[in-house]
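[1] no FASTA, just this:
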C-alpha cells in the first residue's frame, strides 16, 4: 500500500482549500445521492433504491457531478464557490484515465469569464506544484483555439465545416471512417480524436480554447461566431479540466435541456429529470466554472501513467 | 459488421476495401460527446498503421477471415515460408509487411494464419511462448541493485529481461504481448 499517495493527496487538498478560501470562495457540500438529475446525454449514471419500511420506495441516483447544486448556492448567495467531492459515472470503460468513482474539484468564480479562469487555474497549478512536479505539468499554460488546432493538425478550416455533410466529407477526405448519417458533433469528434487530440503538444499544459457551438453544452456563445466560451485543459495529453463561461439565459438553458432529454431516451440507466434547473438562471450572476478530475491532476503532478497509481483501492482491485 | 464497442486488438476491419488488423484500442469519452473506440489499425497489404475513431454504438465493416493452422518452416529475409497443416500447401508471407512478427517465429512451430479471400494476411502469435536463451551476459553474483534482472536474447532474436539466475541454453516462458519474462521452463 502506497502511503505516499495518501500524503500527497492530503497535501494537495490542504493547499487547494487554502487557495480558494483565501480568495473568498465559499466551500460547498452538496448531496451525493439525488432523486433527480439534469439530463446529460453523454453520461450514464448509477441508480439505487431507497427502501422505505412501510411506504413505497424511491429511485435515487449517485451524482455524476455536483454542478447543479453548486449553481443553486451561487444563485441564492451570489458567492464564488468551490467543492471537492466524489462523483460517479457508469458505463465508461475502466481505463488508464477512468475509474467509475472519482473525485471532482469544481470552482465557480462570480464575475469571472472562462478567460479569467485560465489565469486562476495557472495560479492554482503554481500553488500545488512542488519539487517533484514535472515541467510538463507546470505553468505557464499554452493557449490554442480549437480552430488553430484543427488548422495545424488536421489541415482543416473549422470555420468552413458548418454542416454535417461538410464535416463528414472532411473525415472521408482524410481516410477516416465516418457513418453516412453521423451527426455534426460525432463527425467533429472523429476528426478531433483521430488527428487533433493525439497531436496536441505535451511539453507544457495546453488550454484548448473556444469549442465549437455544435457541441451542445451550458457554455455561453461567443456572439457572431460558431464558438463557445469553453476550454479544456490537457496535461501530458490527458484531459484534466473543463471550463465554461456559464450560459445565463434561461431560455437557452431550457432549449439545451429539451435537446439533451430527447437524446437521453437511449440511456442505459434512465433517471428522473430535475426540471427546476433552468429557473435558477432567472437570477444568476455572470460566472465561470471549472471542473477538474482530481485523480488525473494527481497523476500528472506525480508523473504517474494510470489512475490506479493514485488510488489506494482502484476499481480493478475490487471488481474481482 | 462489427459494433465499435466490440472492436478489440486483433479485430480485422475492412477499410476502403483493404483488410486492417487492430493493433491498439482505447475507449475515449470526449467531454460532452458520445463514447468512441480509438484504434490504430495496420493495413495488411502495405503495413501502414492508421488511426480511426469509431462511435461505440456504430457499426463498421469487418473483413470475413478464416483462421488456418500452419507450420512455420523458415525465413529467407524476404519471405516467411509456411505450410498449411491440413492441405500441406506451401505459401509465403512477405517479411516487409510483418517484420514485427519475426522475433516470435520458431521453425517447426504451428501458428494460426489469418486468411482473407484465400490470401494469408496475418500471423497470430500465441499469448505465451517458450524460447531458448541464446545469448546472456554474465552478471556478477550479488548484483541486485539494478532490479535484479538482465537482458537476454532468444534464439529468434527477441530481447527479454529475465532474473539473474537464468543461464544461456535455458528455456523461458515469455508473454508475447509485453515481452515480459513469465517463468523458467524445466524440461
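    Structure received. These numbers come from a predicted model, not from an experiment.
[2] and residue B:51, what helix or strand is that in?
    According to DSSP states H and E, residue B:51 maps onto strand B:49-55.
[3] Just the buried residues of the helix or strand containing residue A:126, please?
    Per DSSP H and E, residue A:126 falls inside helix A:114-128. Within helix A:114-128, the residues that count as buried by 16 or more other C-beta atoms under 10 Å in any protein chain shown are A:114, A:117-118, A:120-122, A:124-125, A:128. (C-beta placed from N, C-alpha, C; glycine too.)
[4] Closest to chain B out of those?
    Within the buried residues of helix A:114-128, the smallest distance to chain B is 13.6 Å, found for residue A:114 (C-beta to the nearest C-beta).
[5] Which strands or helices does the helix holding residue A:126 pack on?
    helix A:3-21, strand A:101-110, strand A:206-209, strand A:230-235, strand A:238-245, strand A:287-293 (3 or more C-beta pairs under 8 Å, 6 or more residues apart in numbering or on different chains; DSSP states H and E).
[6] returning to that earlier point: quick one: strands adjacent to the strand holding residue B:51?
    Using DSSP bridges, strand B:49-55 pairs in its sheet with strand B:36-43 (antiparallel).
[7] Show the average pLDDT along the partner strand.
    Averaged across strand B:36-43, pLDDT comes to 93.
[8] sorry, back to before: go ahead and name everything in contact with the strand holding residue B:51.
    Contact partners of strand B:49-55, identified using C-beta atoms under 8 Å, 6 or more residues apart in numbering or on different chains, comprise A:175-177, A:179, A:182, A:186, A:189-190, A:193-195, A:198, B:4, B:7, B:13, B:15, B:20, B:23, B:28, B:34-43, B:60.
[9] could you redo the last one with a cut-off of 7 Å?
    Residues outside strand B:49-55 that contact it (C-beta atoms under 7 Å, 6 or more residues apart in numbering or on different chains): A:175-177, A:186, A:189-190, A:193-194, A:198, B:4, B:7, B:23, B:34, B:36-43, B:60.
[10] Out of the helices and strands packed on helix A:114-128, which gets nearest to residue A:218?
    Nearest of these to residue A:218, taken as C-beta to C-beta: strand A:238-245 at 6.1 Å.
[11] what about the closest one, near chain B?
    Yes: contact between strand A:238-245 and chain B is present through A:239, A:242 (criterion: C-beta under 7 Å from any C-beta of the partner chain).
[12] Which elements pack onto that strand?
    Under the contact definition 3 or more C-beta pairs under 7 Å, 6 or more residues apart in numbering or on different chains; DSSP states H and E, strand A:238-245 sits against helix A:114-128, strand A:230-235, strand A:287-293, helix A:294-302.
[13] After it, which helix or strand is next?
    Taking DSSP H and E, what comes next after strand A:238-245 is helix A:250-263.
[14] Can you check the pLDDT for residue B:17?
    At residue B:17, the predicted lDDT confidence score is 89.
[15] what's the neighbour count on residue B:64?
    10 (other C-beta atoms under 10 Å in any protein chain shown).
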